[in-house]
Structures are given as structure tokens and as C-alpha cells.
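In: Got a sequence here, can you model it:
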Amino acid sequence: VTATDSSVPALTASAPLLLTVQAAHSDLILSQTSLTFSLNTGAYAVPAGANIAVRSITATQPLSYSVSVIPEVPWLDVSAGGNSVYPSTPGAIRIGLDPSALSLGAGVSKTSVVVTCVDPSPCSGNSQSINVSLTVATLPPQLAVSTSLLSFSAQSTYSQPVSQTVGLQNVGGGTIDRKS
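Out: Numbering: from 1, shown residues only. Purely as a prediction, here's the structure:
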């Protein structure tokens, strides 16, 4: 490649250019390669799942694929391709939390959803992973008072103390110690 500027006298520079053309190949394309879920201990429902689109690099070339979870974990639900043993592109993988995730203690759990191109697809054996992380957090204690206003009235001739009840409750996580 040679480049020349428009100055007088013109300056010229040259550099070698190597262009390599590779044959077209087929492979899977995933719309996401990571997915994160979060929930709090004591939660009553799992968060919404996600649909990961699976397609072929070459739109006219449908590819068959398999889906597996490595390592297998009971807290993750994965489905792909409806009733087909090996779904094909274009397709989608549904990834969501299993209700058993609600019983997990605080901490971080990780696994991978592995999508592998299978025969008779030309990309057979190629794999891609979707890294899945679940963070379970413990809510901090939070004090709630059931009565927000107390009102006292007394006559000056009545010498007995007047009392009212105040309700206190922990609406967060953990425990709150009380001393009265």
C-alpha cells in the first residue's frame, strides 16, 4: 500500500499489506454469555428467568445443539427447544431459578450452562458457555413499630400511672435483641 499526500513536494509512504481470507465456517452465537440472579434469604418467590437466543453465524445454515449444566445444581432450571432432543437454530434457552433456590443460605453459587453444537452440524463439538451466578443475601434487621402515635391524658387528681402498648417487630432479616 502506498499513500501520497497533497503537499508540494508530495510526500509518499509505503507499507506492506497482508490480507488473509479464511473459508466461511459455521458456529453458534449466544445472545448472552453470563447471567446473574439475586435473592434474599426468606424470599417467597424467585426472580424472573431469562431467554438466551441461540442462532447460527450463517443465517441460512440451521445448526443443532445440546444444552447441559456443569456442574449440575438443583437450584437452576434450564430448558431448550421444546420437545426436540436436539433443538436447532434459531432457538432459545430458558434459564431460571428453581423454587428450591429459596431454601439456600446466604452466599454465592455458580455453575455453567454449556451449549454444544452436535452432529450433523458442521460445527459439531464446538461449545460455548453461559456462566450463571446466584447470590443469596441476608437482609439486615429492620425494626418496625406498630403504633406511630401515643397520646396520654390524665386528670391531676388521678395519681395512677397511665400505660399504653407499643408493638415492635423485626421486618428485616437476622435478629434484634431487646431489653426492657
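In: Work out which residue lies at the spatial centre of the chain.
Out: Central residue of the chain (C-alpha atoms, centre = their mean): Thr36, 2.2 Å from the mean position.
In: tally of neighbours for the closest residue to that residue other than its chain neighbours?
Out: In this structure, Thr36 finds its nearest non-sequential neighbour in Ser133, 4.8 Å apart by C-beta to C-beta, 6 or more residues apart in numbering. No exception for glycine: its C-beta is placed from N, CA and C like everyone else's. When neighbours are counted by other C-beta atoms under 10 Å, Ser133 registers 13.
In: Could you pull up the contacting residues of Ser133?
Out: Counting by C-beta atoms under 8 Å, 6 or more residues apart in numbering, Ser133 makes contact with 34-37, 108-110.
In: how about those residues in a markdown table, adding distance to Thr4 and pLDDT?
Out: Shown next, in a markdown table, are those (distance: C-beta to C-beta, whole Å; pLDDT from 0 to 100):
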| residue | distance to Thr4 | pLDDT |
| --- | --- | --- |
| Ser34 | 48 | 97 |
| Leu35 | 53 | 97 |
| Thr36 | 53 | 97 |
| Phe37 | 59 | 97 |
| Val108 | 59 | 97 |
| Ser109 | 62 | 97 |
| Lys110 | 57 | 98 |
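In: Mind checking which of the residues you listed are in strands?
Out: Using DSSP state E, the members of the contacts of Ser133 that fall within strands are 34-37, 108-110.
In: returning to that earlier point: from the contacts of Ser133, keep the buried residues only.
Out: 35, 37 (16 or more other C-beta atoms under 10 Å).
In: picking up where we left off before, the stretch of helix or strand the residue nearest to Thr36 belongs to: which residues count as buried?
Out: With elements taken from DSSP states H and E, the one containing Ser133 is strand 127-137. Of the residues in strand 127-137, 128, 130, 132, 134, 136 count as buried by neighbour count, 16+ other C-beta under 10 Å.
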